[in-house]
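In: based on what follows, work out the 3D shape:
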Amino acid sequence: MTLGLLVLIIAIVALALTGLVGFSNKNKSTNWLLSYLQNFCGALFIFSGAVKAIDPLGTAYKMEQYFAEFASTFQGTWFSFLAPLFPWLSEYAPTFSTTMIVLEIVVGAALILGARNQFNSWVFLVIVAFFTFLTGFTFLTGYVPDGVNFFQFGQWGPYVATNMKVTDCGCFGDFLKLEPRVSFLKDVFLMVPAILFVLRHKNMHQLLSPVRRSVLLFVIGIGSVLFSISNYVWDLPVIDFRPFKEGVNVAATKQAEEEAAANVAVLAYKLTNKNTKKVVELPYEQFLKEFQNYPSEEWEYDQIKSEPAIPRTKISDFDVEDAEGISHAEALLSDPGYSFFIVSHKLYGKSAGRESFTIRDTVYLMDTLPNGELRPSETFIVEERTEEKETFQWNEDFVERWQEVVNPVLAAARKDGLKVHAVTAFESPEKIEHFRAATQSDYPFLVADDILLKTIIRSNPGVVLLKNGEIIKKWHYAKLPTYDKIKARHMN
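Out: Residues are numbered from 1 along each chain as shown. Got it, this is the predicted structure:
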């Protein structure tokens, strides 16, 4: 699906709705252009909200990225007092995500129905203006080099996509990825009908009676809330738009993506003068002939490459390590048998300080034999030394998920001869070991990038069944069946 095709489909739907509105309002005058814009913007908002409602946690994670970027941007500026606010907001990202998704769906439905046109027009304008600010900020960070704050406008440079910390606005979740520049232009376009609605709200169409419109919007709102919550609180998303979906062979896909990335061709070179910021783009063959005219002391080189035959996804970043930094990715993906992979992108707990404990060592004294040799004597002394270790206070509900839901299934799997691994975000070995003890998890824990883990499964913890690198099945912890049921249904 491309943005152009999506817009075309929504435009056709809006055209059909406008025809129905004109027919239903045959005894009333209809502003056809305004009515069409109502239906187009309404259908767009409903679709955008619906695909995000399928995966509210994806939107929440995107919000966390924005909050982190805002905190970093405001730090060290006149607005530094705002920086501590964003980490706090990140803690409630799922709530904000669900609220925004439901609001988007309800506002879209209200536009099509013509419910409370004056109030809804202002709400639509505020939402679009907010989206325009977010996508505009993200797009403009492409002009901000590393080490330069966003507000240091005089030090901005040429646009570089890799400068952006948030590379996708999340407007359509993982269903359709849009570059921030495209998202920004889309939102700028939507500002036109948003302003028009505010100015001409009295001429906007209305369907049904006021009471029926209100009842319908209430039902849509409640349904949107329940649907959104069901896709992360009670179960996994009803549709998986991410690369780590069931049936995907991670090992084969990873290899294919890496080979495709290695086989891209260099098409041209983009040269930027370090002093004047002048940009020159040369085809590859011409660059080979003239590169001596552009010494590296004065020019920065950027390669322009062809697109890989297979687009890169997060699968290319799949890697898991042990405490010593040794990768276990290949071993996990090449295991020919069934194995369980428990994913936890965050261990919910906090430090409870450091605890002192005493270690007693028994040291035997040495006797000297007549021939001069030494041997341990029967005399010994006990030496004591004090060490400290960090302790943690874990979230009780989180620990309960492991002890009472996940671990009984894994214990039965291990008893049946299956391998079991857990993987969490990069944490200190001390913290992970303390969590293992607290949850009585007697299987190895590995570490990986938290964004990778969030992409694999929208549950903490989530359980993945693997076989020879293929994802056989994924479970939200709240929907995890017994091992016997898993074996009967998914392990032939």
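
In: residue 150 contacts residue 141, doesn't it?
Out: Yes: judged on C-beta atoms under 8 Å, residue 150 makes contact with residue 141 at a distance of 6.3 Å. Glycine gets a C-beta too; all of them are placed from N, C-alpha and C.

In: these two: who's more crowded?
Out: Using other C-beta atoms under 10 Å as the criterion, residue 150 and residue 141 rank with residue 141 on top: 20 against 17.

In: tell me how far that one lies from residue 179.
Out: Applying C-beta to C-beta, to the nearest Å, the value for residue 141 to residue 179 is 13 Å.

In: equivalent analysis for residue 11, please.
Out: Distance from residue 11 to residue 179, by C-beta to C-beta: 21 Å.

In: between those two, which one's more packed in?
Out: The residue with more neighbours, out of residue 11 and residue 179, is residue 179; 18 against 15, by other C-beta under 10 Å.

In: give me the pLDDT value at that one.
Out: pLDDT, residue 179: 83.

In: how about residue 357?
Out: 57.

In: what's the answer for the one 4 residues further on, then?
Out: Here the pLDDT value assigned to residue 361 is 63.

In: before we move on, what about residue 345?
Out: The model's pLDDT for residue 345 equals 93.

In: show me where pLDDT drops low in the stretch 301-450 of the chain?
Out: Applying pLDDT under 70 to the stretch 301-450 of the chain flags the ranges 354-372, 374-388.

In: residue boundaries of the helices in the stretch 51-200 of the chain?
Out: Using DSSP state H, counting those that start in this stretch, the helices found in the stretch 51-200 of the chain span residues 56-74, 85-90, 93-113, 117-140, 180-199.

In: nearest to residue 441, out of these?
Out: Smallest distance to residue 441 across the helices of the stretch 51-200 of the chain (C-beta to C-beta): 23.6 Å, for helix 56-74.

In: helices along the stretch 201-350 of the chain, start to end?
Out: Going by DSSP H, counting those that start in this stretch, the stretch 201-350 of the chain shows helices at 210-229, 250-262, 284-290, 329-333.

In: the stretch 351-492 of the chain too?
Out: Assigned by DSSP H, counting those that start in this stretch, the stretch 351-492 of the chain shows helices spanning 396-400, 407-415, 429-439, 450-456, 483-490.

In: which one, of those helices, ends up nearest to residue 15?
Out: helix 450-456 (37.1 Å).

In: what's the closest one packed up against?
Out: Contacts defined by 3 or more C-beta pairs under 8 Å, 6 or more residues apart in numbering; DSSP states H and E place helix 450-456 against helix 56-74, strand 338-344, strand 419-425.

In: looking at those, which is closest to residue 208?
Out: helix 56-74 (29.3 Å).

In: what residues sit buried inside the closest one?
Out: Across helix 56-74, burial judged by 16 or more other C-beta atoms under 10 Å covers 56-67, 69-71, 73-74.

In: again with stretch 447-466
Out: 447-450, 452-466.

In: and if you look at stretch 461-481?
Out: Buried residues in stretch 461-481, counting neighbours by 16+ other C-beta under 10 Å, are found at 461-467, 469-477, 480.

In: out of the helices of the stretch 351-492 of the chain, nearest to residue 337?
Out: Across the helices of the stretch 351-492 of the chain, closest to residue 337 is helix 407-415 (C-beta to C-beta), at 11.2 Å.

In: how about the closest one: buried residues?
Out: Of all the residues in helix 407-415, those buried under the rule 16+ other C-beta under 10 Å are 407, 409, 410, 411, 413, 414.

In: using PDB, write down the CA coordinates of stretch 445-463.
Out: Extracted C-alpha coordinates of stretch 445-463, given in PDB (Å, rounded to 0.1, in the frame of the first residue of the first chain):
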ATOM      1  CA  PHE A 445      18.500 -14.600  30.200                       C
ATOM      2  CA  LEU A 446      19.900 -12.800  27.100                       C
ATOM      3  CA  VAL A 447      19.800  -9.100  26.200                       C
ATOM      4  CA  ALA A 448      18.900  -7.100  23.100                       C
ATOM      5  CA  ASP A 449      17.900  -3.700  21.900                       C
ATOM      6  CA  ASP A 450      14.600  -2.700  23.500                       C
ATOM      7  CA  ILE A 451      13.200  -1.300  20.200                       C
ATOM      8  CA  LEU A 452      13.800  -4.700  18.600                       C
ATOM      9  CA  LEU A 453      12.000  -6.500  21.400                       C
ATOM     10  CA  LYS A 454       9.000  -4.100  21.200                       C
ATOM     11  CA  THR A 455       8.900  -4.900  17.500                       C
ATOM     12  CA  ILE A 456       8.900  -8.600  18.000                       C
ATOM     13  CA  ILE A 457       5.800  -8.800  20.200                       C
ATOM     14  CA  ARG A 458       3.500  -6.300  21.900                       C
ATOM     15  CA  SER A 459       3.400  -7.900  25.300                       C
ATOM     16  CA  ASN A 460       5.600  -7.800  28.300                       C
ATOM     17  CA  PRO A 461       6.300 -10.600  28.800                       C
ATOM     18  CA  GLY A 462       5.400 -12.200  25.500                       C
ATOM     19  CA  VAL A 463       6.100 -15.800  24.500                       C
END
